[in-house]
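In: model the following, please.
(2 chains)
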Amino acid sequence: MNAHVASLSPASFETGPAVVVSNLLRSYGNRVVIERLNLRIERGEFVALLGESGCGKTTLLRALAGLDAIQGGRIVAPRRPAVVFQEHRLLPWDSLWRNVALGLQTPDARERAAEALTEVGLGDRLDDWPRNLSGGQAQRVALARALVQQPELLLLDEPFAALDALTRIRMHELVANHQPGVLLVTHDVDEAIALADRILVMRNGAIAYEHRVARGSSTPISRSELLGELGVNSHSSH
Amino acid sequence: MSNIELSDIDRTAIGAEGGPSSRSSEVARAPASAKSKLGARGLQLLSWLAPVVLVVVWDWLAQAGFLSPHVLPAPSKVIRTAFKLATTGTLLNDLGVSLLRAASGFVIGTAVGATLGILVGFSRIAEAAIDRSVQMIRAIPFLAVLPLVIVWLGVGETQKIFLVALGVTFPIYINTVLGIRQVDPKLLELGRVQGLNSVQLIRRIILPGALPSILTGVRYALATAWLALVVAETIGAQSGIGFLAMDAREFLRTDVIVLTIVIYALIGVAADGIARFLERRLLAWHPNYGAAR
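Out: The predicted model follows:
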């Protein structure tokens, strides 16, 4: 794990990409999960990562988060990324605002947590316990906890599964307002089409397909084309 | 008693892994008892009435002379004795002495058990160095070492406090280690993602996560402390509840003996009540303990 997330030079701090991955290798023992993977995400860019289960999506996300050691290549990110996991992972013994403020070192932590909770529509429940929340509410608190860190890279591991369609879109707008680079791991093609600027399909530990979504274009990406890319035994030669 | 306490530990372990599981079993049982809903209040009443009847019958048997006062005194006589000893005798003083012994031993045992438990819980090296020895000593029923303790320390206060501390150390130790070890690794991972350092990780995630288990240890330790005190006081005490009982034995005063037994029971119940109160206060966030909002 040591030093695989290097810092960019100060000059590029304001304008550089949110993350650059080059030639990434990730393996468990002899089993190679990710091989020769390259990826660059700009600030403010929303990237959706699709793929069958077991293709290495979550492995990639964990490597970007710095949670697992990598066996080769480089991951360069300006700062520690924020992560929203599949499960909300709220601390059951802390009130909502303390959960959101977890890791904030500033004296105004409570105010900032309150602000973030208001953004996700839970500003009136600062002192409530996590166990009184529904699954979707808990996931929104987890999102607030990530956003309050003002990350330049936000990693989302299917966090919107518990949200209804409307809330999902509101949360997406919220993420977009904060302008981090986003990597959203999902298995939901429609969610990817609706939210992302760029859609990647991962197969056999590498990025097999890439599509840039033209916002406002009258010809949206073909859903069937994406589904084809996700199909089992696809013979396409990417 | 130890069986009941063990199942408490099990329940906590399950509760910490997946809180809802213990809940759902309660829900699953509800429909079966709903059938006897009409009789539910009656059954509740009966469960309280039965012991009252038992005491009344006992009292009548003793008053009527069917029960020799040398075997069992009448409950009413025990109550009269309690008032007499409390007002003219040394009952309150003896009670104070006993409570002080229990409290001193409990504090010492908790300090030792928690310190060892935290060391072993956090450090694999400490575990290798300490845990096996502690487990070996734990295998000894702690009351079995009483003769040895008397050789070491005589029959003074030190011997009594030592025995209580010995009984308290192990449940605190085991539950502290267990609590630290069963903290959800996903939450630890989250702590790292949020950039917590080791001290913050311990303070914000590990200790609160271990608290339910530690409090279960406290509750079990309170029961053990009491048991240790009874045994320790029965041997060579010059004061205390146990002394009162042994002194009464000399004069076949079964009313005093029964009184001391009842006092031991009441203080045990009170100690358990304190432990439950602590759980409700400190674990208000926990679905199995906290008051529902």
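In: please count neighbours and contacts with C-alpha atoms only from this point.
Out: OK.
In: quick check: residues of the stretch 101-250 of chain B near chain A?
Out: B:186, B:187, B:189, B:190, B:191, B:193, B:194, B:195, B:196, B:205, B:208, B:209 (C-alpha under 8 Å from any C-alpha of the partner chain).
In: out of those, which end up buried?
Out: The neighbour count (16 or more other C-alpha atoms under 10 Å in any protein chain shown) marks B:187, B:190, B:191, B:193, B:194, B:195, B:196, B:205, B:208, B:209 as buried among these.
In: just give the nearest non-adjacent residue to the last one, would you?
Out: Which is residue B:209. Distances taken as C-alpha to C-alpha, 6 or more residues apart in numbering or on different chains put residue B:183 closest to residue B:209, at 5.4 Å, once the chain neighbours are dropped.
In: next one: the first one
Out: Beyond its immediate neighbours in the sequence, the residue positioned closest to residue B:187 (C-alpha to C-alpha, 6+ apart) is residue A:89, lying 6.1 Å away.
In: the one you found in helix, strand or coil?
Out: coil (DSSP: H, G, I helix; E, B strand; the rest coil).
In: shouldn't it be in contact with residue B:191?
Out: No: look at residue A:89 against residue B:191 with C-alpha atoms under 8 Å: they stay out of range, at 9.8 Å.
In: residue contacts, residue B:259?
Out: B:78, B:79, B:81, B:82 (C-alpha atoms under 8 Å, 6 or more residues apart in numbering or on different chains).
In: skipping adjacent residues, who's closest to the last one in space?
Out: It stands for residue B:82. Leaving aside its chain neighbours, residue B:82 sits nearest to residue B:259 (6.8 Å; criterion: C-alpha to C-alpha, 6+ apart).
In: export the residues of the stretch 101-250 of chain B next to chain A to JSON lines and tack on secondary structure, pLDDT and distance to residue B:152?
Out: Below are these laid out as JSON lines (DSSP: H, G, I helix; E, B strand; the rest coil; pLDDT from 0 to 100; distance: C-alpha to C-alpha, whole Å):
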{"residue": "B:186", "secondary structure": "helix", "pLDDT": "94", "distance to residue B:152": "48"}
{"residue": "B:187", "secondary structure": "helix", "pLDDT": "95", "distance to residue B:152": "47"}
{"residue": "B:189", "secondary structure": "helix", "pLDDT": "93", "distance to residue B:152": "49"}
{"residue": "B:190", "secondary structure": "helix", "pLDDT": "95", "distance to residue B:152": "51"}
{"residue": "B:191", "secondary structure": "helix", "pLDDT": "94", "distance to residue B:152": "48"}
{"residue": "B:193", "secondary structure": "helix", "pLDDT": "91", "distance to residue B:152": "53"}
{"residue": "B:194", "secondary structure": "coil", "pLDDT": "92", "distance to residue B:152": "53"}
{"residue": "B:195", "secondary structure": "coil", "pLDDT": "90", "distance to residue B:152": "52"}
{"residue": "B:196", "secondary structure": "coil", "pLDDT": "92", "distance to residue B:152": "48"}
{"residue": "B:205", "secondary structure": "helix", "pLDDT": "95", "distance to residue B:152": "42"}
{"residue": "B:208", "secondary structure": "helix", "pLDDT": "94", "distance to residue B:152": "39"}
{"residue": "B:209", "secondary structure": "helix", "pLDDT": "94", "distance to residue B:152": "40"}
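In: now for whichever helix or strand residue B:175 is part of, which elements pack on it?
Out: Secondary structure assignment for residue B:175, by DSSP states H and E: helix B:157-181. When contacts are defined as 3 or more C-alpha pairs under 8 Å, 6 or more residues apart in numbering or on different chains; DSSP states H and E, helix B:157-181 packs onto helix B:91-122, helix B:146-153, helix B:207-234.
In: centre of the chain to the last one, how far?
Out: With C-alpha atoms, centre = their mean, to the nearest Å as the basis, helix B:207-234 stands 5 Å off its chain's centre.
In: just want the angle from that helix to helix B:146-153.
Out: 80 degrees (axes from the mean of the first three to the mean of the last three C-alpha atoms, to 10 degrees).
In: now the very next helix or strand once past helix B:207-234 - C-alpha only, CSV.
Out: Downstream of helix B:207-234, the first helix or strand assigned by DSSP H and E is helix B:241-250. What follows is helix B:241-250, C-alpha atoms only, in CSV (Å, rounded to 0.1, in the frame of the first residue of the first chain):
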residue,chain,number,x,y,z
ILE,B,241,-23.0,-10.1,56.3
GLY,B,242,-21.2,-13.4,56.2
PHE,B,243,-19.9,-12.9,59.7
LEU,B,244,-23.5,-12.3,60.8
ALA,B,245,-24.6,-15.6,59.3
MET,B,246,-21.8,-17.6,60.8
ASP,B,247,-22.3,-16.0,64.2
ALA,B,248,-26.0,-16.8,64.0
ARG,B,249,-25.2,-20.4,63.1
GLU,B,250,-23.5,-20.8,66.5
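In: list the buried ones in helix B:241-250?
Out: B:241, B:242, B:243, B:244, B:245, B:246, B:247, B:248.
In: equivalent analysis for stretch A:172-189, please.
Out: Applying 16+ other C-alpha under 10 Å to stretch A:172-189 flags A:172, A:174-176, A:179-187, A:189 as buried.
In: and the closest residue in space to residue B:240 that isn't next to it in sequence, what does it touch?
Out: Leaving aside its sequence neighbours, residue B:240 sits nearest to residue B:94 (C-alpha to C-alpha, 6+ apart; 3.9 Å). Each residue near residue B:94 by C-alpha under 8 Å, 6+ apart is listed here: B:239, B:240, B:241, B:244.
In: surely the third one meets residue B:260?
Out: Yes: assessed by C-alpha under 8 Å, residue B:241 is found in contact with residue B:260 at 6.2 Å.
In: need the helices and strands packed on helix B:157-181 in TSV (columns: distance to residue A:84).
Out: As requested, the helices and strands packed on helix B:157-181 are exported to TSV (distance: least, C-alpha to C-alpha, whole Å):
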stretch	distance to residue A:84
helix B:91-122	27
helix B:146-153	56
helix B:207-234	21
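In: looking at those, which is buried most?
Out: Comparing the helices and strands packed on helix B:157-181 on average neighbours per residue, with mean count of other C-alpha atoms under 10 Å in any protein chain shown, the densest one is helix B:207-234 at a mean of 23.
In: which elements pack onto that helix?
Out: Counting by 3+ C-alpha pairs under 8 Å, 6+ apart, helix B:207-234 packs on helix B:2-17, helix B:91-122, helix B:157-181, helix B:241-250, helix B:254-282.
In: could those helices go into a markdown table alongside mean pLDDT?
Out: Below are the helices and strands packed on helix B:207-234 laid out as a markdown table (pLDDT from 0 to 100):
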| stretch | mean pLDDT |
| --- | --- |
| helix B:2-17 | 40 |
| helix B:91-122 | 94 |
| helix B:157-181 | 94 |
| helix B:241-250 | 90 |
| helix B:254-282 | 91 |
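In: which one of the ones you listed lies closest to residue A:230?
Out: The closest of the helices and strands packed on helix B:207-234 to residue A:230 is helix B:2-17. By C-alpha to C-alpha, the value is 35.7 Å.
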